[in-house]
Every structure is written in C-alpha cells, then in structure tokens.
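Student: Provided below for reference: sequence and predicted model.
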Amino acid sequence: MCDAKTGLPAMLMESLDEQLRRVQQLWAGIGLIVGRLSQQMRAMPACKAVAEIPGIGLLTATAVVASKGTPTAFKYAREFAARIGLALDRPAPMGGYGSLAQ
C-alpha cells in the first residue's frame, strides 16, 4: 500500500506522477508556442520595433502587433501607448481644477 522509498501511499504517488507528466507536457507546449512567436518576431520588423521598448518582451510585442497593427500607423508615440493601455488619451487636468471643482 505504501511506497517503500517515500513512505507515501501508492495511490498518492501514482497521482503525483500523473500530475508531473501533465505539467511536463504543458511546459513542452509552452516551449513550442514561444518558438513560433520567436520566429514570427524575427520575421516582422514591427514586432522587433515594439520589443525594443523597455519592459516589452516577446509575448507583449507579438500580441500588440497582432491586435493593433504596426506602431507606424499612429501619428504620435503617445497615441500608440494610449491605444495599448499604457497612457491616458489626453493629459490630466492641471492648475488645481479637477473634475470635482465645478
């Protein structure tokens, strides 16, 4: 009933082995996806350009280009940043007049 090496029940050891195999399969699948994304990034100048932004990596660069197109389609960098959720569309009110002071 118990595994002689660990002292744990055999059923538990079998279940843990099964879960370990599933995790290993997931990591293998993730590796394949990262490989495909890396190929895509090497082939697309837009992905390379977005990936040069500090803090933007492989996954973000490829996702941004896939969903928003090339950054050159935007007139200003701020417009591109706003489109992907990194900045506000317009500057915040200044001079002490906020939305509550009406």
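Tutor: Nice, I can see it. Since the model is a prediction, treat every value here as computed from it, not as a measurement.

Student: quick one: low-confidence parts of the protein?
Tutor: Across the chain, the ranges flagged by pLDDT under 70 are 1, 3, 70-71, 87-102.

Student: So which residues of it form strands?
Tutor: With strands called from DSSP state E, the chain shows none.

Student: ok, Lys68 touching Arg83?
Tutor: Yes - contact criterion C-beta atoms under 8 Å: Lys68 and Arg83 qualify, at 5.7 Å. Quick note: C-beta positions are derived from backbone N, CA and C, even for glycine.

Student: Please point out which parts of stretch 22-29 sit buried.
Tutor: Within stretch 22-29, no residue is scored as buried using 16 or more other C-beta atoms under 10 Å.

Student: and what of stretch 31-48?
Tutor: Along stretch 31-48, these residues count as buried under the neighbour rule (16+ other C-beta under 10 Å): Leu37, Met41, Met44, Ala46, Cys47.

Student: Quick one: the helices in the protein, in order.
Tutor: In the chain, the helices defined using DSSP state H lie at 10-43, 45-51, 58-68, 77-83.
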